[in-house]
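> quick check, what structure comes out for this input:
(2 chains)
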Amino acid sequence: MSKFIMTRRGLLRAGAASGVALAAPMHFIRGAYAEDISCNMPKGDTVTFGWSVPLTGPYADEGADELKAFQLAVKHLNGEGDGGMIPTMKPTALKGNGILGKKVAQVHGDSQTKTDAARDNSKRMIERDGAIMISGGSSSAEAIAVQSLCQDMGVIHMSGLTHSNDTTGKDKKRYGFRHFFNAYQSGVALGPVIGEAYGKDRKAYHLTADYTWGWTQEESMKAATEAMGWQTVAAVRTPLGSADFSQYITPVLNSGADVLILNHYGKDMVNSLTQAVQFGLRDKEVNGKKFEIVVPLFSELMAQGAGDAVKGIYGTSNWDWKLDDDATKAFTKSFGQEYGAPPSQAAHTCYVQALLYADACERAGTFFAPAVIKALEGFEFDGLGNGSTLYRAEDHQCMKSCLVVQGKENPKDKYDLMEIVKVIPREATTYDPAIFGGELGPSDAKQC
Amino acid sequence: MDAILLQILNGLDKGGAYALIALGLTLVFGTLGVVNFAHGALFMLGAFCAVTFNKLLNLESVVIDPTQKTAWGTPLEVRTPYIEAWLGDFGKYLHDYSVPASILLAIPVMLIIGIVMERGLIRYFYKRPHADQILVTFGLAIVIQEIIKHFFGANPIPQPAPMAFGGTAYVGEFLGMGQTLAYPWWRIIYFLFSLGIIGAVFAFLQFTTYGMVVRAGMRDRETVGLLGIDIERRFTVVFGLAAVVAGVAGVMYTPILPPDYHMGMEFLVLSFVVVVVGGMGSLGGAVAAGFLLGILQSFASMNEVKAIIPGIDQIIIYLVAVVILLTLPRGLMGRKGVMED
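Below is the predicted model:
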């Protein structure tokens, strides 16, 4: 009869062997396990996108157009309609049958042009609706707040309309990506054009929306104009959402300035520009020169709101529906047929962001966030309306061309209010990502 | 000199709006003894009378023109407002002048709203404490706001001034100062309009028998009642009149401030400060304080002033209110015994 005797050494050996045997499979499946816990990986036959857009507040017009663009993008991704810019995008892995075989579903919320509401929306869409990607915005404050939330929750944020240098500068995030251009690029593009038009000896007065976008827009315009010899007389901050700018405009009249730079957007810009014109600024002569107004960030929607006041005003745009390339024509046709009006630059950037995210998932072959981030970083593409474009890996900012535009003197209709003065090439707007500082942070998958 | 005149002008149009709202508030308080926190909502409702009128004028017929195409390839839709199709040039004229023309809509609408509000709700709170009145009228203001938000959305809806008054008035030329002093025409119109309305209200109270009875009722309600006069009915009409004053003030302010559902609340808070500074129950005080605070706020927004005290433009009105209340507890022209029980 044999006898089983367990010695102390034997027990230790057996324990170690059992530990190794039990742990070994974990080594081979660790990737799969990590993929399983990336936030909101789709389990059924749909994948959900979340749009947090301002449907009320000073940027409501832009928000409404953004939502239309997102809805159109979802339609095209799911193979409905004429496909918009999917056929023009190069290279593309999109097939027009959803993403990785799953149909795209969508949810949205009104961010009210407020950061807290935007964060609440996004959190709700991630936690309750299972959104795997969040997009939208219209205010840089919203974009920065939401991309920070997305970084914490491990959900990719594809910013919509956000123009502050901080979004992909000091506040950049690994989970945040921006297609839209920024205030620095506006300054670089606009400076030489207004220098040539108005001369090198000018005195500028800035009225600036008092939040991150306004501050960086003002800083960029000051840098661009002072570099060519202009003086800055004053820079006054105005609360976002102000309707009556009279108390800010009256001091301009006797300040000695001969140029007013309105670092305002959306309804703020419509109101401040209209009121500046009503106060007779554009009819004035100061320092022996005609008084001029500049609006560094301009859009067709704002031009519609401001009416005749925009005639002759210089500004910059990320994109315009009147560009002559095939992608722009395809998108304008799709959008126009769907909604009866051409798309704004806000709509364009949102549509493009939705396609770029979907394409990155297809190329990565997974919805696993860290893999999708890798697919977007350094991605070079064309055929989405801005020519050859790079999603720069260092700061997640797209490097591409942008436009200098001017309010048209004799528009054909209410959609023909802006003239493209110059297309500023990608080489001219490319800058060193280190100048704005910031850290992207980790791309670790998160459980939400 | 230009800068000072400009700030005075800027203060006058804002002051005009403060004075008109404060006048209505004081009228209601002086007659009915009610602290009406829904008064700002009446200003907002007036503004939305202008919006509604403009929307009615903008109803248009749509004709598809197959010979013309849009940039996105669909046939062009030619839109013509019915009013212009039916009335020709007069229709265009009416369209252009839709804001001042909407006063004709606002007067009966606001009168009815005022009377319904007073008969339907406010009268049940005459003998209740002021705190109850504040709560119920504040609640009413929120209800009105939400109704407007439901039907018109939350975004401001710009209303254009008539083209003839949409530009710049070169005030300096009238004063022999050349073109250096310029001010928007519509803001000057608004100031003159507010003076006209204030004058009309004072004339009504001063020179008509109806007004005399109301003034007597404000002094001694019981004695007027003992003379066989139905003072309650007169006060109801006064409430309606206050609503009309707030409403037309709102109508004419729409080209200056695009109306949204919340605009009344923003003006209400400032107008209450105006009433307190002017003196509770004093109509003259309300008007004087309205213009005074409007002008002070305008001067506080000058860069030279803000360089000395940053942010003073945001707090000046409240600062003045604190100083006035510390030195003149009844306000500038307050009557003894009002809200002192």
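> so, low pLDDT: which residues of the chain?
In the absence of a named chain, chain A is used. Along chain A, the model assigns pLDDT under 70 to residues A:1-12, A:14-36.
> my question was about chain B
Answering for chain B: the residues below the bar, that is pLDDT under 70, span B:1, B:178-179, B:337-341.
> and for the residue in the stretch 51-200 of chain B positioned nearest to chain A, the neighbour number?
Closest to chain A within the stretch 51-200 of chain B is B:Trp72: 2.4 Å, counting by CB to the nearest CB. The way it works is simple: take the backbone N, C-alpha and C, and place the C-beta from them, glycine included. Number of residues near B:Trp72 (other CB atoms under 10 Å in any protein chain shown) recorded here: 21.
> does A:Ile373 sit in a helix or strand, and which one?
helix A:369-376 (DSSP states H and E).
> who are the packing partners of that helix?
strand A:156-159, helix A:345-364 (3 or more CB pairs under 8 Å, 6 or more residues apart in numbering or on different chains; DSSP states H and E).
> and of those, who's closest to B:Asp313?
B:Asp313 sits nearest to helix A:345-364 of all these, at 31.9 Å, using CB to CB.
> and that closest one, how far out from the chain middle?
Once both centres are worked out by CA atoms, centre = their mean, to the nearest Å, helix A:345-364 turns out to sit 11 Å from its chain's centre.
> and what of stretch A:392-409?
The answer for stretch A:392-409 is 11 Å, by CA atoms, centre = their mean.
> list the buried residues in it.
A:392, A:395-407 (16 or more other CB atoms under 10 Å in any protein chain shown).
> and the strand or helix carrying B:Met212, what's buried?
In this assignment (DSSP H and E), B:Met212 forms part of helix B:209-219. Within helix B:209-219, the residues scored as buried using 16+ other CB under 10 Å are B:211, B:213-214, B:216-218.
> now stretch A:183-203
A:183-195, A:198, A:202-203.
> ok, which stretches of the stretch 201-350 of chain A are strands?
For the stretch 201-350 of chain A, applying DSSP state E, counting those that start in this stretch gives strands covering A:203-209, A:231-238, A:259-263, A:285-286, A:289-290, A:292-297, A:314-317.
> equivalent analysis for the stretch 1-150 of chain A, please.
Going by DSSP E, counting those that start in this stretch, the stretch 1-150 of chain A shows strands at A:46-53, A:103-110, A:133-136.
> check which helices and strands the last one is in contact with.
Right, the one you point to is strand A:133-136. strand A:46-53, helix A:60-77, helix A:115-127, helix A:140-153, strand A:156-159, helix A:345-364.
> just give me the neighbour total for the residue in the stretch 301-448 of chain A that chain B sits nearest to.
Taking CB to the nearest CB, chain B has its nearest neighbour within the stretch 301-448 of chain A at A:Gly336, 2.4 Å off. Counted with other CB under 10 Å, the neighbours of A:Gly336 add up to 19.
> equivalent analysis for A:Lys170, please.
15.
> could I get the phi/psi values of it?
Dihedral pair for A:Lys170: phi -70, psi -20, per degrees, to the nearest 10.
> surely it meets A:Glu439?
No - using CB atoms under 8 Å, A:Lys170 is not in contact with A:Glu439; the gap is 9.0 Å.
> any idea how far the helix or strand just after the helix holding A:Ile373 is from the middle of the chain?
Next helix or strand after helix A:369-376 toward the C-terminus (DSSP H and E): strand A:380-381. Offset of strand A:380-381 from its chain centre (CA atoms, centre = their mean): 17 Å.
> burial of A:Lys311, as a residue count?
The burial count for A:Lys311: 17, using other CB under 10 Å.
> now it: how far from B:Leu57?
Separation of A:Lys311 from B:Leu57 (CB to CB, to the nearest Å) stands at 26 Å.
> ok, now A:Pro425?
A:Pro425 is 48 Å from B:Leu57, by CB to CB.
> was I right about A:Asp171 contacting A:Gly438?
Yes - A:Asp171 lies in contact with A:Gly438 (CB under 8 Å); the separation is 6.2 Å.
> which of those two has more neighbours?
Remark: of A:Asp171 and A:Gly438, A:Asp171 carries more neighbours, 21 against 17, as counted by other CB under 10 Å.
> contact partners for A:Arg392?
Contacts for A:Arg392 were tallied using CB atoms under 8 Å, 6 or more residues apart in numbering or on different chains; they are A:378, A:398-399, A:433.
> out of the residues you listed, which are inside strands?
Counting by DSSP state E, these place A:398-399 in strands.
> one step back: max pairwise distance over the buried residues of stretch A:183-203: which two?
Every pair of the buried residues of stretch A:183-203 checked by CB to CB; the farthest is A:Gln185 and A:Lys203, at 24.8 Å.
> against A:Tyr248, how distant is the residue lying closest to A:Met269 once chain neighbours are set aside?
Distances taken as CB to CB, 6 or more residues apart in numbering or on different chains place A:Met302 nearest to A:Met269, at 5.2 Å, with adjacent residues excluded. Using CB to CB, we find A:Met302 at a distance of 18 Å from A:Tyr248.
> those two: who's more crowded?
A:Met302 (26 against 22).
> hmm, that one is touching A:Leu262, no?
No - the criterion here is CB under 8 Å, and A:Met302 misses it with A:Leu262 at 10.4 Å.
> pull up the overlap in contacts between those two.
Contacts common to A:Met302 and A:Leu262, judged by CB under 8 Å, 6+ apart, are A:269, A:295.
> on that earlier part again, just put the strands of the stretch 1-150 of chain A in JSON lines and tack on mean neighbour count.
As requested, the strands of the stretch 1-150 of chain A are exported to JSON lines (neighbours: other CB atoms under 10 Å in any protein chain shown):
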{"stretch": "strand A:46-53", "mean neighbour count": "26"}
{"stretch": "strand A:103-110", "mean neighbour count": "19"}
{"stretch": "strand A:133-136", "mean neighbour count": "31"}
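> so which of the ones you listed is nearest B:Arg79?
Closest to B:Arg79 of the strands of the stretch 1-150 of chain A is strand A:46-53 (CB to CB; 27.6 Å).
> what about that closest one, near chain B?
No - using CB under 8 Å from any CB of the partner chain, we find that strand A:46-53 stays clear of chain B, coming within 13.3 Å at best.
> that strand to helix A:345-364, inter-axis angle?
150 degrees (axes from the mean of the first three to the mean of the last three CA atoms, to 10 degrees).
> sheet partners, orientation included, of strand A:46-53?
Strand A:46-53 has its sheet partners listed here by DSSP bridges as strand A:103-110 (parallel), strand A:133-136 (parallel).
> just want the residue of the stretch 201-341 of chain B that's nearest chain A.
For the stretch 201-341 of chain B, CB to the nearest CB, closest residue to chain A: B:Ser301, 3.7 Å.
> what does the longest strand along chain B contact?
Assignment by DSSP E gives strand B:60-69 as the longest strand of chain B. With CB under 8 Å, 6+ apart as the contact definition, strand B:60-69 has outside contacts at B:75-82, B:85.
> need the contact list for A:Val352.
Here A:Val352 is in contact with A:85, A:179, A:384-385 (CB under 8 Å, 6+ apart).
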